[in-house]
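J.: next input, structure requested:
(chains A and B, ligands or ions: 1)
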Amino acid sequence: MWSPIQQTPTCVVILFSIHFVLKAEKLLKANGISHDVIPVPREISSDCGMAVEFPCLAKERVLELLSSAGLRIAGLYSREGRDSFQAISPEELAAGVVN
Amino acid sequence: MPDKSAIYADNAATSFPKPRQVLDAVAAVLGSMSLSPGRSAHRFSLESSRLIFDTREALAEFFNCPDSSRIAFTCNVTEALNVGIFGLLGETLHPGDHVITTALEHNAVMRPLRHLEKTAGIGISILPVSGEGEVMVSELPRLMRDNTRLIVVNHVSNVTGAVADLEAIGRQKGEAFLLVDAAQSAGVFPIDVVRMNIDMLAFTGHKSLLGPTGSGGFYLRPGFGLRPLKMGGTGSNSETEIQPDFMPDCYEAGTPNTLGIAGLGAGLNFVTGTGLAVIRAHEQRLCRLFLDGLAQIKGVTVFGPPADRERAAVISLKVSGKSESEVAQRLDRDYHIMVRAGLHCAPAAHRAMGTFAEGTVRFSFGFFNTEADVTACLAALEIISGK
Ligand SMILES: Cc1ncc(COP(=O)(O)O)c(C=O)c1O
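T.: Predicted coordinates for the structure are as follows:
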């Protein structure tokens, strides 16, 4: 199935529980940012939870939305391939320098 | 099928009937969906997580909570109050500290507090009630001590129907932690945790929120922690053997009552869709009609605020020369009217009202009662009290 997300580089944000995943989903939906709720990729964590994937282009806006809603981020990754992910370090996050 | 000729006047115990959409919501979940939210990544699990999330968000909006993650689900208000009172020990409340509560508390508050009095040397002061069964908030400053760490207040009495002035208590609570038992008020009276300065609000799903039994929860103000009463699987942080320290997960170990929470969501949706003011006005009309009628019946004594005061449609009375159980039994047997007789799990309230140990006959009307129901109750009482 064609999904706009798969046509562009995406990021995956990990939150602390399903409540925050769904809160993030609600915020992204309300702000018209395309996204998917996906199982946390095995390559990222052995935890059985869900994560939110969105276009990296929207990264700054997403981080801003999450932080203004008080949602703490457990991890942020860029998708490098179908099963490969690159962690975005807290320093990079803070500086807002990645792609 | 419910007996159509029966009149249910025991809504303070649990509301009946439930709105159609509550039955539908519960059936839909049971019939079509996984019941294990947040545990697996498939769509059923996600769907049930969404139901729970939506109910949490709706409750947060309803009580004006700044952050829905600060709402945790429990199986009723009793569990929520226990999580609060026992969970505060070692956090906000320490052995030897002082607690203020009211003479109108349910045993869901009194028993945990009395237990802490005995086992942790907590001192307890009781806010007295007036002759009309209302908590005397004006006495609060006199009872406050330097080590008053906790104030526990029943918002609406399940015995007298009196409403505690939460705003006044919230204004005067100082540094103490304010825990409110909203068992009887949530779904009828407006509750705003910010305006009322409430630190923890405990509610039950099966009374005026019109949900099923086995649902309830609490709101906890950001910045406060409670020692969880139970630990276990939460679906989050599964790689560690340590209980999560963030809400809501830290207080929600174990597979939740998805059915109950879905039903609670539907009940709340009915309440907000109908409008709290509409529900309140209807119950107030029934209450006034009943109280006005009772005033005309010789031998009936009412315990609680008069009709012109803000009060709930929970009315305690006695019929002279008749025992409470006899009145309740005759109402049920001869008139198909269901009420509750006795102490209503609130012995302290009856001590304060002078109706201990036999208690009272309690009528409690809900949104689905009609004026005809009230008239029938009055007619039955008239006959019972005359003989
Ligand atoms: C004031 C009050 N507190 C607590 C409770 C206990 O409610 P639940 O049985 O739902 O825990 C009730 C009702 O029974 C009540 O009226």
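
J.: quick one: is stretch B:127-136 near the ligand?
T.: No - Stretch B:127-136 stays clear of the ligand (C-beta under 6 Å from any ligand atom), getting no nearer than 12.3 Å. Backbone N, C-alpha and C define where each C-beta goes, glycine included.

J.: may I see the buried residues of stretch B:307-317?
T.: Residues of stretch B:307-317 classed as buried: B:307, B:311-317 (neighbour count, 16 or more other C-beta atoms under 10 Å in any protein chain shown).

J.: CA atoms of the lowest-mean-pLDDT helix or strand in chain B as PDB?
T.: Using mean pLDDT, DSSP states H and E, helix B:347-353 stands out as the lowest-scoring helix or strand of chain B, at a mean of 90. C-alpha atoms of helix B:347-353 as PDB (Å, rounded to 0.1, in the frame of the first residue of the first chain):
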ATOM      1  CA  PRO B 347     -21.200   4.800  60.400                       C
ATOM      2  CA  ALA B 348     -19.400   8.100  61.200                       C
ATOM      3  CA  ALA B 349     -22.100  10.000  59.300                       C
ATOM      4  CA  HIS B 350     -24.900   8.400  61.300                       C
ATOM      5  CA  ARG B 351     -23.100   9.000  64.600                       C
ATOM      6  CA  ALA B 352     -22.900  12.700  63.600                       C
ATOM      7  CA  MET B 353     -26.600  12.800  62.600                       C
END
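
J.: can you list contacts of it?
T.: Residues from elsewhere that reach helix B:347-353 (C-beta atoms under 8 Å, 6 or more residues apart in numbering or on different chains): B:103-105, B:107, B:110, B:126, B:128-129, B:133, B:157-160, B:303, B:316, B:343, B:356-357, B:359-360.

J.: residue contacts, the residue nearest to the spatial centre of chain B?
T.: Closest residue to the average C-alpha location of chain B: B:Ala183 at 0.4 Å, with C-alpha atoms, centre = their mean. Residues in contact with B:Ala183 (C-beta under 8 Å, 6+ apart) are B:77, B:106, B:108, B:154-156, B:158, B:202-204, B:207.

J.: same thing with B:Met110?
T.: Applying C-beta under 8 Å, 6+ apart, the residues near B:Met110 are B:101, B:346-348.

J.: that one - that's part of a strand, no?
T.: No - counting by DSSP: H, G, I helix; E, B strand; the rest coil, one finds B:Met110 to be helix, located in no strand.

J.: which residues touch B:Arg276?
T.: One thing to correct before we go on: residue B:276 is Leu, not Arg. B:187-190.

J.: let me fix that, I meant to ask about A:Arg79.
T.: Each residue near A:Arg79 by C-beta under 8 Å, 6+ apart is listed here: A:9-12, A:53, A:85.

J.: so what pairs up with the closest residue to chain B within chain A in the strands?
T.: Per C-beta to the nearest C-beta, A:Pro39 is where chain A lies closest to chain B, at 3.4 Å. Taking DSSP bridges as the rule, A:Pro39 bridges to A:Met50.

J.: return the set of buried residues in the strand or helix carrying B:Ala27.
T.: Following DSSP states H and E, one finds B:Ala27 within helix B:20-32. For helix B:20-32, the neighbour count (16+ other C-beta under 10 Å) marks B:21-22, B:25-26, B:29 as buried.

J.: swap in stretch B:351-359?
T.: By 16+ other C-beta under 10 Å, the buried positions in stretch B:351-359 come out as B:352-353, B:355, B:359.

J.: and the two most separated of these?
T.: Taking C-beta to C-beta, the two most distant members of those are B:Ala352 and B:Gly359; they sit 12.7 Å apart.

J.: how about the secondary structure of the closest residue to B:Lys318 other than its chain neighbours?
T.: Once flanking residues are discounted, B:Lys318 sits nearest to B:Thr301: 4.9 Å by C-beta to C-beta, 6 or more residues apart in numbering or on different chains. When classified by three-state DSSP, B:Thr301 comes out as strand.

J.: any chance you could map the strands in chain B?
T.: B:7-8, B:71-74, B:98-102, B:123-127, B:148-154, B:177-181, B:200-204, B:216-220, B:300-303, B:314-319, B:337-338, B:340-342, B:360-364 (DSSP state E).

J.: let me fix that: chain A
T.: Counting by DSSP E, the strands of chain A are A:10-15, A:36-39, A:50-55, A:73-81, A:84-87.

J.: what is the burial count for the residue of the stretch 151-300 of chain B found nearest chain A?
T.: Residue nearest to chain A within the stretch 151-300 of chain B: B:Ser236 (3.9 Å; C-beta to the nearest C-beta). With neighbours defined by other C-beta atoms under 10 Å in any protein chain shown, the count for B:Ser236 comes to 24.

J.: separation between it and the ligand?
T.: Per C-beta to the nearest ligand atom, to the nearest Å, B:Ser236 is found 27 Å from the ligand.

J.: just A:Arg61 next, same as before
T.: Distance from A:Arg61 to the ligand, by C-beta to the nearest ligand atom: 43 Å.

J.: cool, and B:Val193?
T.: When distance is defined by C-beta to the nearest ligand atom, B:Val193 is 18 Å away from the ligand.

J.: and if you look at B:Ala60?
T.: 20 Å.

J.: got a list of what the residue lying closest to that residue once chain neighbours are set aside touches?
T.: Take B:Ala60 and drop its neighbours on the chain: the residue closest to it by C-beta to C-beta, 6+ apart is B:Ser68, 3.6 Å away. Residues near B:Ser68 by C-beta under 8 Å, 6+ apart: A:19, A:23, B:56-57, B:59-61.

J.: so who does B:Glu182 touch?
T.: Quick fix: residue B:182 is Ala, not Glu. B:Ala182 sits next to B:77, B:155-156, B:191, B:201-203 when contact means C-beta under 8 Å, 6+ apart.

J.: mind doing that once more with 7 Å?
T.: B:155, B:191, B:201-203 (C-beta atoms under 7 Å, 6 or more residues apart in numbering or on different chains).

J.: neighbours of the nearest residue to B:Leu89 once chain neighbours are set aside, just the number please.
T.: Spatial nearest neighbour of B:Leu89, chain neighbours left out: B:Ala120 (6.2 Å); criterion: C-beta to C-beta, 6+ apart. For B:Ala120, the count of nearby residues is 15 (other C-beta under 10 Å).

J.: so B:Ala120 makes contact with B:Asp97?
T.: No - counting by C-beta atoms under 7 Å, B:Ala120 stays clear of B:Asp97, with 8.4 Å between them.

J.: look up how far B:Phe62 lies from the spatially closest residue to B:Glu358 that is not a sequence neighbour.
T.: Leaving aside its chain neighbours, B:Glu358 sits nearest to B:Glu324 (5.7 Å; criterion: C-beta to C-beta, 6+ apart). Per C-beta to C-beta, to the nearest Å, B:Glu324 is found 35 Å from B:Phe62.

J.: what's near enough to touch the residue nearest to B:Ser157 when sequence neighbours are not counted?
T.: Using C-beta to C-beta, 6+ apart and skipping the chain neighbours, the partner closest in space to B:Ser157 is B:Leu104 (4.3 Å). Residues near B:Leu104 by C-beta under 7 Å, 6+ apart: B:129, B:135, B:154, B:157, B:159-160, B:162, B:346, B:349.

J.: per-residue pLDDT, the residue in the stretch 251-387 of chain B that the ligand sits nearest to?
T.: Per C-beta to the nearest ligand atom, B:Cys345 is where the stretch 251-387 of chain B lies closest to the ligand, at 5.8 Å. For B:Cys345, the model assigns a pLDDT of 92.

J.: over to B:Ala357?
T.: So, for B:Ala357, pLDDT stands at 89.
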